[in-house]
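Peer 1: What follows is a predicted structure for the sequence shown.
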Amino acid sequence: MNILVFSWRDPKHPLAGGAEQVMHEHMKGWVSAGHKVTLFASYFKGAKKEDVVDGVKILRRGCQLGGVHISAFIWYIFKNKKKYDLVIDQFHGIPFFTPLYVQQSKLAILQEIAREVWFKNQLPFPFNWLIGTLGYMIEPLVFHLYKNVPFMVGSNSAKEELVRIMHIPENNITIVPHGVVVIKPTTFFGKNKVKTITFLGALAKDKGIEDALQAFSILNKRGNFQFWVIGKAGDSYNDFLVNLAFRLGFKKNVTFWGFVDQKKKFELLAKSHILINPSFREGWGLVNIEANSIGVPVVAYSSPGLIDSVKNGESGILVKENSPEKLVEAIMEILEDEEKYKLLQAGALLWRKNFSWEKSKQKSLTLINNIVNRF
């Protein structure tokens with residue numbers, strides 16, 4: 001097949017995260033199976049407008065916040081000369097509205113619906129509330145356009161909310177669990193001597209980074225800890241977070257690593273004692289499985305997606321209330337009980353074994369074949 005994928009970011013984008021990694025793994029699987037895959041994504045400074053990564057052809061046009069969606073429509077209608085058997089419409093809050101102009105078979109790929117995340121944008125007041133309110137109100141109308149389009153999601157949480165909130169027919173939704181790519185450190189000297197609590201992910205309000213810093217502040221008053229923040233934010237928000245750490249009184253104990261490559265990421269995780277994940281909404285929570293892969297338990301909010309990727313009491317702890325104080329209670333409970341910590345480490349390694357990209361790629365291949373054959 002000739003497959004076209006619309007997404008706001010490609011895997012080389014400086015702000016690419018778990019969703020981009022997941023999409024890329026599936027595309028690699030489709031290429032390996034003999035299909036041709038073209039990814040249309042946003043342009044970023046210093047990027048090539050045309051590129052090839054692991055056999056996937058990448059076209060970059062427009063900026064990621066809205067511009068790529070307009071560029072995709074113009075390119076597809078007026079400039080595209082090829083015929084595609086399947087068009088993938090990847091949701092990131094705003095989809096590509098393919099039901100309005102694509103006649104071929106379509107598949108919508110969704111990590112999670114946005115809902116309250118619309119209000120977690122980083123625009124200044126009152127624009128943050130304006131955009132948040134508009135997004136929250138319009139989102140259900142957008143999904144109405146996709147009522148006859150098949151969906152692929154990574155978790156039961158995403159499927160349940162699509163059915164319950166967005167009224168997508170249940171038989172139109174297929175769950176394809178994510179795999180995990182692990183690069184184990186070649187030289188590993190054990191955990192840091194100082195108890196190290198790590199946040200890993202995009203530095204954004206909806207990912208709960210501010211709650212993580214609040215939790216770090218409380219922990220800093222409870223004992224001797226080291227805090228690591230792994231991930232990237234825009235310059236202004238990154239400065240805000242660094243200043244927040246200063247105001248909360250633990251700047252000397254925290255390291256902001258910024259973006260790190262896969263090798264460095266797993267080296268840092270391996271030295272960490274606990275991964276903290278206070279995200280308010282996820283499609284899955286890939287970072288949890290990455291941490292579990294090298295025996296690091298996770299303390300997380302009981303949010304959509306996280307309730308799927310954290311095996312409560314086995315691979316980590318899900319706190320019942322979304323508050324930094326509850327995160328701290330769970331962290332202290334684990335670290336003060338050596339036997340419990342070791343049990344969670346063993347449980348994390350066991351839980352990780354459930355997730356394989358080979359299985360996931362095979363499921364997505366079966367899905368796209370069924371869609372095209374049915375069409």
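Peer 2: On my side now, so go ahead. Keep in mind the model is a prediction, meaning the values are calculated, not measured.
Peer 1: Surely residue 232 and residue 204 touch.
Peer 2: No. Residue 232 lies out of contact with residue 204 (CB atoms under 8 Å); the separation is 9.8 Å. No exception for glycine: its C-beta is placed from N, CA and C like everyone else's.
Peer 1: Spell out the residue ranges of the strands in the stretch 201-350 of the chain.
Peer 2: For the stretch 201-350 of the chain, the strands defined by DSSP state E, counting those that start in this stretch occupy 225-230, 254-258, 274-277, 298-301, 316-319.
Peer 1: swap in the stretch 51-200 of the chain?
Peer 2: 56-60, 86-90, 105-110, 151-153, 173-175, 195-200.
Peer 1: For the lowest-mean-pLDDT helix or strand in the chain, buried residues please.
Peer 2: The weakest-scoring helix or strand in the chain, judged by mean pLDDT, DSSP states H and E, is helix 127-144 (a mean of 91). Of the residues in helix 127-144, 128, 132, 135, 139, 142-143 count as buried by neighbour count, 16 or more other CB atoms under 10 Å.
Peer 1: so how far is that helix off the chain centroid?
Peer 2: 21 Å (CA atoms, centre = their mean, to the nearest Å).
Peer 1: Which one, of the strands of the stretch 201-350 of the chain, ends up nearest to residue 68?
Peer 2: strand 254-258 (24.4 Å; CB to CB).
Peer 1: ok, the closest one: who's next to it in the sheet?
Peer 2: Strand pairing for strand 254-258, determined by DSSP bridges: strand 225-230 (parallel).
Peer 1: Just the pLDDT for the closest residue in space to residue 289 that isn't next to it in sequence.
Peer 2: Nearest non-adjacent residue to residue 289, counting by CB to CB, 6 or more residues apart in numbering: residue 180, 4.6 Å away. As predicted, residue 180 sits at a pLDDT of 90.
Peer 1: shouldn't residue 180 be in contact with residue 355?
Peer 2: Yes. The pair residue 180 / residue 355 is scored as a contact, 5.1 Å apart, by CB under 8 Å.
Peer 1: which neighbours do those two share?
Peer 2: Common contact partners of residue 180 and residue 355 (CB atoms under 8 Å, 6 or more residues apart in numbering): residue 289.
Peer 1: quick check: domain ranges of the protein?
Peer 2: Here the domain parsing of the chain from automatic domain parsing is 2-179+356-374, 195-352.
Peer 1: Any idea how far apart the tips of the longest one sit?
Peer 2: Using CA to CA, to the nearest Å, the span of domain 2-179+356-374 from its first residue to its last is 16 Å.
Peer 1: so how far is it off the chain centroid?
Peer 2: The chain centre lies 13 Å from the centre of domain 2-179+356-374; the measure is CA atoms, centre = their mean.
Peer 1: What of the last one?
Peer 2: Averaged C-alpha coordinates place domain 195-352 at 15 Å from its chain's average position (CA atoms, centre = their mean).
Peer 1: State the mean pLDDT of that domain.
Peer 2: Per-residue scores along domain 195-352 average to 96.
Peer 1: In contact with residue 132, which residues?
Peer 2: Contacts of residue 132 (CB under 8 Å, 6+ apart): 118-121.
Peer 1: Surely residue 109 and residue 90 touch.
Peer 2: Yes. Using CB under 8 Å, residue 109 is in contact with residue 90, at 4.7 Å.
Peer 1: Show me which positions of the host helix or strand of residue 22 end up buried.
Peer 2: If you go by DSSP states H and E, residue 22 is part of helix 18-32. Across helix 18-32, burial judged by 16+ other CB under 10 Å covers 18-31.
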